[in-house]
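Undergrad: coordinates for the following, if possible.
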Amino acid sequence: MPTLRKRKPSVSESDPLSLLSDEEEQEAYVQKPVKKKSKAKSTPKRKIKGSLGSFAALPLDVVAEIASQADLGTVLALARLNKSCRSLLTSKRMEAFWDQARENAGLPKLKADNSPNLIELAELMYGTHCMHCHKSTSKLPYLGLYSRYCTKCAGELLYASYGSFPLMRSSYDCAGRERSKLEYLLEDHEEYCALTNSARRDYSTDKREQEMEDRKEDELALATWWTARDDEKAAQRETVKESRKAAIEAHFRELGWTERSLASDAFQQHSKVNVARELTDRTRDDVFAALTLVLEADKERVEEENRAEEARLAEERLVEERDLRKDHLNVLWTSLLAETDAQKAAGLFPLPPWDEFAELESVKLLYYPEDASFDKTSTMEDSYPSITAEIDELRQSIKSELVAKFAQALSTATSSPVATSVPVDIPKLPSPAGPDNTFTDDQRDSLLDLATTVFTCNDKNLLFVSRGCGAVGTWSSIFSHKCHRAGDEPVYSLKAASYQVETSQVELAVKLIEIAGLDPDTATTDDMEALGRGFSCVACKSPSFSSISRTWTQMLRHLSSRHYYRYSRETHDLDIVCEDEEAAIARLLKASAEHSSEY
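TA: Below is the predicted model:
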């Protein structure tokens with residue numbers, strides 16, 4: 001079946017004007033089609049408003065109850081919701097609510113006559129915008145002026161000075177004219193002076209002073225409230241910050257991070273941690289992800305610090321354990337010091353002082369073992385043999401040093417050369433077997449022989465003195481004397497530096513040998529002991545039996561204690577005589593009679 005085509009309309013059918021003649025066409029009037037106007041559609045009212053949008057529609061008693069519980073800042077925020085809320089809360093009948101809100105906020109009641117009303121006070125204390133340019137500012141308000149200005153406006157309004165006339169001016173007057181020209185400034189100044197003179201005539205001096213005092217009191221009260229609110233805000237921010245930090249640290253502790261990692265500066269000072277914002281579900285993941293990167297970057301350093309800290313703590317525990325064991329040994333040493341028989345039974349008599357006893361190698365092993373294994377250390381009783389052997393070795397070394405010192409001192413006293421070799425025979429020093437820890441007669445004789453044998457350099461005797469003690473004796477007896485130090489128990493040093501060869505004593509001994517008529521190069525101890533009580537001191541101004549008929553060792557002590565020759569090198573003018581006992585007594589009686597006749 002053939003396809004049918006739609007017939008095109010002819011010109012005459014489509015355009016009626018084509019049927020008209022030219023004249024008719026000129027006379028014909030073509031009317032343009034009327035355009036359809038769009039109908040203005042009114043915006044439908046929002047069915048859903050803000051959470052506080054319908055506040056003004058609440059009953060008045062409900063509004064009053066809310067206002068009575070809110071502070072001044074909250075009421076100000078409600079008044080800024082919309083026009084209806086503002087018209088409601090700023091009406092005359094709501095003044096009581098504003099005053100109640102002021103009391104709830106703790107703000108003082110202003111006394112000055114020109115003080116702002118409650119709404120202006122709320123804007124001043126809770127607002128954040130400049131009262132002149134209405135821009136946001138964080139600058140503190142000028143409480144004395146009841147105004148809040150930004151830095152720029154404060155410079156223009158408060159601190160402008162032209163010549164000698166400081167003016168509080170506005171940038172523009174009410175007509176919009178700039179007030180920076182000279183004629184306007186002069187006009188303002190004249191007006192200012194006129195108003196000031198008028199005010200001075202109208203107000204008395206007392207009233208002005210009272211107004212100034214009220215204004216100062218208001219400023220002080222507002223400043224006190226402002227400071228208290230700042231402190232409260234700071235405390236609230238700190239509480240929020242600590243709560244946030246605690247929640248973050250608890251999360252990372254659950255993940256296995258150590259306290260040292262969480263205490264690092266990179267973590268504690270991070271902006272995600274050290275900020276006063278609540279940690280919400282929306283920000284939690286981002287915060288944890290950022291802090292995880294920080295902890296991972298600092299992980300190696302923290303692990304190294306952990307290892308060093310563990311080593312330090314282990315060393316501290318070891319030192320603490322050593323100190324405890326050392327204190328225990330000190331208690332045992334103190335109890336042993338009071339029991340001489342126990343010292344002799346242990347072979348430790350005479351017992352050294354604690355500071356030297358604790359430094360013995362055999363004693364150190366009791367509280368400072370080499371393997372740091374305290375469970376395997378022996379007791380003090382088990383270590384007595386090793387301690388005794390170490391003490392004996394130290395004493396033998398001290399004796400050897402004293403021999404060398406004696407040889408040098410004796411060479412100086414006799415002006416003879418030092419012997420190149422000194423025969424030394426140093427057996428072990430016997431323990432005192434007599435009463436009160438003294439040597440018996442047999443022991444004393446053997447000690448005298450021992451002294452003569454050891455110091456074989458011309459067979460001379462020697463008197464040793466312990467430092468700080470003043471005791472006098474031969475080298476063999478100096479180790480067994482009771483060295484009374486200041487406030488200490490009698491102890492016996494194991495250090496060679498604690499003993500010295502008194503050169504003055506050696507010189508005195510050589511001088512006594514010469515007074516006795518013996519040769520210092522050949523005299524022995526036996527020769528001096530054979531003289532008995534044959535020495536007397538005639539240098540004493542008050543002669544007594546203590547200065548006559550003395551042995552040579554007693555005379556040495558007398559010279560050291562009474563005439564201080566121990567501390568002097570001048571021993572050539574000794575007034576000592578060697579005589580028998582009868583001659584000494586006769587001389588003493590004669591001297592006493594002469595002394596009595598003088599008085």
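Undergrad: what is the mean pLDDT for the helix or strand harbouring A235?
TA: In the assignment (DSSP states H and E), A235 maps to helix 205-254. In this model, helix 205-254 has an average pLDDT of 88.
Undergrad: check which helices and strands that helix sits against.
TA: Contacts of helix 205-254 with other secondary structure elements, assessed using 3 or more CB pairs under 8 Å, 6 or more residues apart in numbering; DSSP states H and E, are made with helix 118-126, helix 259-262, helix 281-297. C-beta: built from backbone N, CA, C; applies to glycine.
Undergrad: domains of the protein?
TA: The chain is divided into the following domains under automatic domain parsing: 55-194, 222-297, 317-387, 531-599.
Undergrad: got these as CSV, with distance to K399 and mean neighbour count columns?
TA: CSV is the format used below for those (distance: least, CB to CB, whole Å; neighbours: other CB atoms under 10 Å):
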stretch, distance to K399, mean neighbour count
domain 55-194, 87, 15
domain 222-297, 58, 13
domain 317-387, 15, 14
domain 531-599, 20, 15
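Undergrad: what sits up against stretch 316-336?
TA: Contact with stretch 316-336 is made by 342-343, 346, 348, 351, 354, 357-358, 363, 366-368, 372, 374, 377, 380, as judged by CB atoms under 8 Å, 6 or more residues apart in numbering.
Undergrad: nearest to K35, of the residues you listed?
TA: Comparing the contacts of stretch 316-336 against K35 with CB to CB places A372 closest, at 106.7 Å.
Undergrad: per-residue pLDDT, that closest one?
TA: As summarised for this prediction, A372 has a pLDDT of 53.
Undergrad: what's the answer for D459, then?
TA: D459 is assigned a predicted lDDT (pLDDT) of 32.
Undergrad: so for Q236, which of the helices and strands packed on helix 205-254 sits nearest?
TA: Proximity to Q236, assessed across these by CB to CB, is greatest for helix 118-126 (15.8 Å).
Undergrad: could you dump the helices and strands packed on helix 205-254 to CSV with distance to Y142?
TA: As requested, the helices and strands packed on helix 205-254 are exported to CSV (distance: least, CB to CB, whole Å):
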stretch, distance to Y142
helix 118-126, 9
helix 259-262, 45
helix 281-297, 38
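Undergrad: ok, which of those comes nearest V275?
TA: helix 281-297 (9.6 Å).
Undergrad: counting contacts, what elements does the closest one pack onto?
TA: Identification of packing neighbours for helix 281-297 by 3+ CB pairs under 8 Å, 6+ apart yields helix 205-254, helix 265-268.
Undergrad: now with 6 Å, please.
TA: In this structure, helix 281-297 packs against no helix or strand, with contacts taken as 3 or more CB pairs under 6 Å, 6 or more residues apart in numbering; DSSP states H and E.
Undergrad: which element follows it toward the C-terminus?
TA: Counting by DSSP H and E, the next helix or strand C-terminal to helix 281-297 is helix 299-337.
Undergrad: so that following helix versus helix 281-297, what angle?
TA: Inter-element angle recorded for helix 299-337 and helix 281-297: 70 degrees (by axes from the mean of the first three to the mean of the last three CA atoms, to 10 degrees).
Undergrad: compute the inter-axis angle for the helix holding A235 and helix 118-126.
TA: With the same axes, to 10 degrees as the basis, helix 205-254 and helix 118-126 are set at 50 degrees to each other.
Undergrad: for L559, which of the helices and strands packed on helix 205-254 is the nearest?
TA: Relative to L559, the nearest member of the helices and strands packed on helix 205-254 by CB to CB is helix 259-262, separated by 72.1 Å.
Undergrad: then that closest one to PDB, C-alphas only?
TA: Extracted as PDB, the C-alpha positions of helix 259-262 are listed here (Å, rounded to 0.1, in the frame of the first residue of the first chain):
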ATOM      1  CA  GLU A 259      53.400   4.600  79.100                       C
ATOM      2  CA  ARG A 260      56.700   6.000  77.900                       C
ATOM      3  CA  SER A 261      55.300   6.200  74.300                       C
ATOM      4  CA  LEU A 262      52.200   8.100  75.600                       C
END
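Undergrad: what helices or strands is it leaning on?
TA: Against helix 259-262 (3+ CB pairs under 6 Å, 6+ apart) you get helix 299-337.
Undergrad: one more pass at 10 Å, please.
TA: Helix 259-262 is packed against helix 205-254, helix 281-297, helix 299-337, with contacts defined by 3 or more CB pairs under 10 Å, 6 or more residues apart in numbering; DSSP states H and E.
Undergrad: could I get those as TSV with distance to L158?
TA: TSV is the format used below for the helices and strands packed on helix 259-262 (distance: least, CB to CB, whole Å):
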stretch	distance to L158
helix 205-254	15
helix 281-297	42
helix 299-337	54
